[in-house]
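Could you look at this predicted model? Sequence included:
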Amino acid sequence: MSAHISIPMYQRAVPQRYRLTGKLCKSCGKINFPPKAVCKYCLQGASFEDVRLSGRGAVYSYTVIAGGGAPPEFETEARCKGSYPVLIVELEEGPRVITQMVNPPEEGIAIGMSVQAVFRKIYEEEGVIRYGFKFSPA
Amino acid sequence: MENVAIIGAGQTKYGDFPGMGVKELFAEAYLEMLQSVDRGLEQQRIGAAYIGSLSAGSGFQLGQLAPLLMGHVGLPHVNAVRIENACASGGYALYNAACAVASGKFDMVLAAGVEKMRDVSSNKGRYWLGVSGDTEYERLAGSTFAGIYALMASRYMHEYGLKREHLSMVAAKNHCHAVANPKAQFRKEITIEQAMQGVPVAHPFNVWDCSPTSDGAAVVLLCNAKIAKEFTNKPVYLKGFGAASDYLAIHDRDSMTRLLATRRAATEAYKQAGVGPEDINFAEVHDCFTIAEILAYGDLGFAEEGLAQYLLEEGFTRADGKLPVNASGGLKAKGHPIGATGCGMASEVFKQLRDEAQEPSRQIKNARYALSHNVGGSGGTAAVFIYQRGDA
Ligand SMILES: [Zn+2]
């Protein structure tokens, strides 16, 4: 019921979720991630080239989602861990992504710290494990 | 373009009403609106109705909610449509109603909003609350609605030295305001110290930084300003109305310390009204989370971005300050029945600008211009309204 990502919909985004594939705009040269039909930078270009992002970036902002408030897909994870961090990461190629953080440093997360994409289980639904990227301290 | 007036408004109390469904909530607000029209109203003069709702009663009537509700109050044949823009559904109902009158097509139009949130278990409710952000990336990163605003708060703290206490000042102020408001969900004062120590929700937020889930409805009646005096000597003029969108996903926006949708909507509304932020005597702003009120100060031009927190330190936006903000208690303490909120703000402004705020202690004196501000989700949409009292 209500907001839900189906298995086919999840699979359509596999290039982004597994390999961080961005779209280089042939008009302005900037990289859109996630993809757009029309470039979000020049608002003109509609022709793109695939580029694989490095996965290197820095924390732009962060929060820590407390167990009780997690979305239903992440309820079990929240119950096991108590809470989990979510970041906005600014990638070195420019785009920002929203992601969970693994292995957060004991001294706490700091805006500006270097992070690196890692491939992880995201959650399980309808008996299917869904994989994608999370970020870890670099 | 025709000028637009408000000649009636009503709303339910916000809160937890197990005995009332969407239809009953809507009817209560509608009947209060009818009673507020000083010289009475032939209901058949209403030409159209725009009704804001996100979940349509937690999904029980996803299709054609508007005719269902209008049929319940004796207006089965009025041109009626549901409007959805998440938490700004009510504001967009009001915006569309105002445009419909301004176009000259209709002389009299209803703007309304309704939400029934308290029927569902908190687990099911969470599915509903997660529907207004970017589902593909924000939600699948495990973020919640609170989480998105928390990311904005963290960044604001980093860029501008905002302190945890400033967030709690918003909570304490708005809870204090709600005490005198008979329509408010939480009529209990809290201290800044209490507000700093709630159960964690999403760092830096605790539960006191978040608006509640609420049941409620609000109804506003608009007409062509030319005929307003047939109905009352005290119309409230809707002098400006603006609405704008932004990227839905937070990671697509350049800045996380401002809402561009609000800025564009405000620019449009101020321009149409021919006034500026300095002319506003009081405002109802969208404080779904405490940081949202701080962002609104900057986005509406009440303070420069990054300096908004000093308005709180100076008590500038308290009910007894120079520019009362959320004298109703705001979403934070008055409550936030999602689709109703935007029209509930208009109902509050209507009553204040007619010196009918019920409890004399909460009446804002000598106000000429007021503003209301309603945001969809984390700022994918926003609507801003400027009102002028009509009896002067
Ligand atoms: Zn481009």
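Happy to help now that I have it.

what about the strands in chain A?
Under the criterion DSSP state E, chain A contains strands at A:21-25, A:31-32, A:48-52, A:56-66, A:83-91, A:96-100, A:114-125, A:128-137.

where does the chain dip in pLDDT?
With no chain named, the answer covers chain A. The model of chain A has pLDDT under 70 over residues A:1-3.

try chain B instead
For chain B, the stretches with pLDDT under 70 are B:122-130, B:392.

can you give me the strands in it?
Under DSSP E, chain B gives strands at B:4-11, B:48-52, B:79-83, B:108-115, B:200-202, B:205-206, B:216-224, B:236-245, B:282-284, B:369-376, B:381-389.

Turn these into a markdown table, including distance to B:His72 and mean neighbour count.
Quick note: C-beta positions are derived from backbone N, CA and C, even for glycine. Shown next, in a markdown table, are these (distance: least, C-beta to C-beta, whole Å; neighbours: other C-beta atoms under 10 Å in any protein chain shown):
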| stretch | distance to B:His72 | mean neighbour count |
| --- | --- | --- |
| strand B:4-11 | 15 | 26 |
| strand B:48-52 | 11 | 28 |
| strand B:79-83 | 11 | 20 |
| strand B:108-115 | 11 | 32 |
| strand B:200-202 | 36 | 23 |
| strand B:205-206 | 38 | 24 |
| strand B:216-224 | 11 | 30 |
| strand B:236-245 | 26 | 23 |
| strand B:282-284 | 28 | 27 |
| strand B:369-376 | 25 | 28 |
| strand B:381-389 | 26 | 28 |
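
quick one, which of those strands is nearest to A:Val51?
In terms of C-beta to C-beta, the element of the strands of chain B nearest to A:Val51 is strand B:236-245, at 28.5 Å.

by contact count, what packs against the closest one?
The contact analysis (3 or more C-beta pairs under 8 Å, 6 or more residues apart in numbering or on different chains; DSSP states H and E) places strand B:236-245 against strand B:4-11, helix B:89-102, helix B:260-273, helix B:341-353, strand B:381-389.

Restricting the selection to alpha carbons, write that strand to CSV.
In CSV, the C-alpha atoms belonging to strand B:236-245 read as follows (Å, rounded to 0.1, in the frame of the first residue of the first chain):
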residue,chain,number,x,y,z
VAL,B,236,-10.5,40.1,4.1
TYR,B,237,-8.9,40.8,0.8
LEU,B,238,-6.5,38.3,-0.7
LYS,B,239,-4.2,40.8,-2.2
GLY,B,240,-1.5,38.5,-3.4
PHE,B,241,-1.1,34.8,-4.1
GLY,B,242,2.0,33.0,-5.4
ALA,B,243,3.0,29.4,-5.8
ALA,B,244,6.1,27.7,-7.2
SER,B,245,7.9,24.4,-7.4
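
who does that strand pair up with?
Sheet pairing of strand B:236-245 (DSSP bridges) gives strand B:4-11 (antiparallel), strand B:381-389 (antiparallel).

okay, the angle between that strand and helix B:89-102?
Per axes from the mean of the first three to the mean of the last three C-alpha atoms, to 10 degrees, the angle that strand B:236-245 makes with helix B:89-102 is 120 degrees.

what angle sits between strand B:236-245 and helix B:260-273?
Using the same axes, to 10 degrees: strand B:236-245 against helix B:260-273 is 140 degrees.

Work out the gap between strand B:236-245 and the centre of the chain.
13 Å (C-alpha atoms, centre = their mean, to the nearest Å).

Now do the contacts for the residue most central in space within chain A.
Most central in chain A under C-alpha atoms, centre = their mean is A:Thr99, positioned 3.9 Å from the mean C-alpha point. Listed by C-beta atoms under 8 Å, 6 or more residues apart in numbering or on different chains, the contact set of A:Thr99 reads A:86-87, A:89, A:117, A:133-135, B:141.

Farthest pair within the residues you listed?
For those, the farthest-apart pair by C-beta to C-beta is A:Val86 and A:Ala117; their separation is 14.6 Å.

more neighbours, the two?
For A:Val86 versus A:Ala117, neighbours defined as other C-beta atoms under 10 Å in any protein chain shown are more numerous around A:Val86 (27 against 22).

burial of the nearest residue to that one once chain neighbours are set aside, as a residue count?
Spatial nearest neighbour of A:Val86, chain neighbours left out: B:Ser143 (4.8 Å); criterion: C-beta to C-beta, 6 or more residues apart in numbering or on different chains. B:Ser143 has 30 neighbours, counted by other C-beta under 10 Å.

who touches B:Ser143 in this structure?
Going by C-beta under 8 Å, 6+ apart, B:Ser143 touches A:63, A:65, A:71, A:86, A:98, B:133, B:151.

isn't the fourth one right next to A:Val59, touching?
No: under the criterion of C-beta atoms under 8 Å, A:Val86 makes no contact with A:Val59, lying 10.8 Å away.

In contact with residue 79, which residues?
Chain wasn't specified; assuming chain A. A:Arg79 makes contact with A:Gly67, according to C-beta under 8 Å, 6+ apart.

To clarify, I was referring to chain B.
B:Asn79 neighbours (C-beta under 8 Å, 6+ apart): B:47-49.

Now with 6 Å, please.
Applying C-beta atoms under 6 Å, 6 or more residues apart in numbering or on different chains, we find B:Asn79 in contact with B:Ala48.

Tell me the bridge partners for it.
B:Ala48.

what does chain A have sitting close to chain B?
A:2-3, A:61-66, A:69, A:71-72, A:74, A:86, A:88, A:96-100, A:111 (C-beta under 6 Å from any C-beta of the partner chain).

neighbours around the closest residue to A:Leu53 other than its chain neighbours, how many?
In space, and not counting its chain neighbours, A:Leu53 is closest to A:Leu20: 4.2 Å by C-beta to C-beta, 6+ apart. Residues lying near A:Leu20 (other C-beta under 10 Å) number 22.

from what I can see A:Leu20 touches A:Val51, true?
No: taking contacts as C-beta atoms under 6 Å, A:Leu20 lies outside contact range of A:Val51: 9.4 Å.

where does the closest residue to B:Arg354 other than its chain neighbours sit relative to chain A, distance-wise?
Distances taken as C-beta to C-beta, 6+ apart place B:Lys234 nearest to B:Arg354, at 4.8 Å, with adjacent residues excluded. Going from B:Lys234 to chain A by C-beta to the nearest C-beta, to the nearest Å gives 43 Å.

Could I get the strands of chain B in a markdown table, plus columns for distance to B:Ser255?
Below are the strands of chain B laid out as a markdown table (distance: least, C-beta to C-beta, whole Å):
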| stretch | distance to B:Ser255 |
| --- | --- |
| strand B:4-11 | 32 |
| strand B:48-52 | 27 |
| strand B:79-83 | 28 |
| strand B:108-115 | 29 |
| strand B:200-202 | 20 |
| strand B:205-206 | 20 |
| strand B:216-224 | 31 |
| strand B:236-245 | 15 |
| strand B:282-284 | 22 |
| strand B:369-376 | 15 |
| strand B:381-389 | 14 |
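
what's the closest of those strands to A:Ile122?
strand B:200-202 (18.6 Å).

Contacts for that closest one next, please.
Contacts for strand B:200-202 (C-beta under 6 Å, 6+ apart): A:63, A:65-66, A:69, B:146-147, B:150, B:206-207, B:210.

if we go to 7 Å?
A:63-66, A:69, B:144, B:146-147, B:150, B:206-207, B:209-210 (C-beta atoms under 7 Å, 6 or more residues apart in numbering or on different chains).

any idea which of those residues is closest to B:Tyr30?
When the contacts of strand B:200-202 are ranked by distance to B:Tyr30 (C-beta to C-beta), B:Cys210 comes first, at 29.5 Å.
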